[in-house]
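**Student:** Sequence unavailable; structure follows:
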């Protein structure tokens with residue numbers, strides 16, 4: 001599934017339900033970028049307080065609820081830069 005289709009089908013509804021983000025967060029998913037600030041979701045590479053990097057396959061598994069993001073961080077499959085408390089809060093997104 002492409003990042004664009006994930007944004008439309010999963011990310012935007014999840015962000016709306018979650019209530020948005022007070023601080024901007026950026027996901028590096030392979031060569032793609034996903035930026036969320038408030039309820040605004042875009043593929044623009046903007047500044048963020050927290051940047052989370054992972055493979056596209058792992059991102060798809062997380063969105064589908066097939067794996068636990070915190071386990072993946074502990075195993076070194078997800079890299080978190082910046083404010084780690086933002087990354088922890090994202091756990092409730094999916």
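**Tutor:** It's in. Model, not experiment: these values are computed from the prediction.
**Student:** For residue 61, give me its contacts.
**Tutor:** Applying C-beta atoms under 8 Å, 6 or more residues apart in numbering to residue 61 gives the contacts residue 67. The C-beta positions use only the backbone N, C-alpha and C, and glycine is treated the same way.
**Student:** in what helix or strand does it lie?
**Tutor:** Remark: residue 61 resides in helix 56-63, with elements defined by DSSP states H and E.
**Student:** got the buried residues for that helix?
**Tutor:** For helix 56-63, the neighbour count (16 or more other C-beta atoms under 10 Å) marks 58-63 as buried.
**Student:** can you list those residues in a markdown table and add distance to residue 25?
**Tutor:** A markdown table is the format used below for the buried residues of helix 56-63 (distance: C-beta to C-beta, whole Å):
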| residue | distance to residue 25 |
| --- | --- |
| 58 | 16 |
| 59 | 13 |
| 60 | 18 |
| 61 | 19 |
| 62 | 14 |
| 63 | 15 |
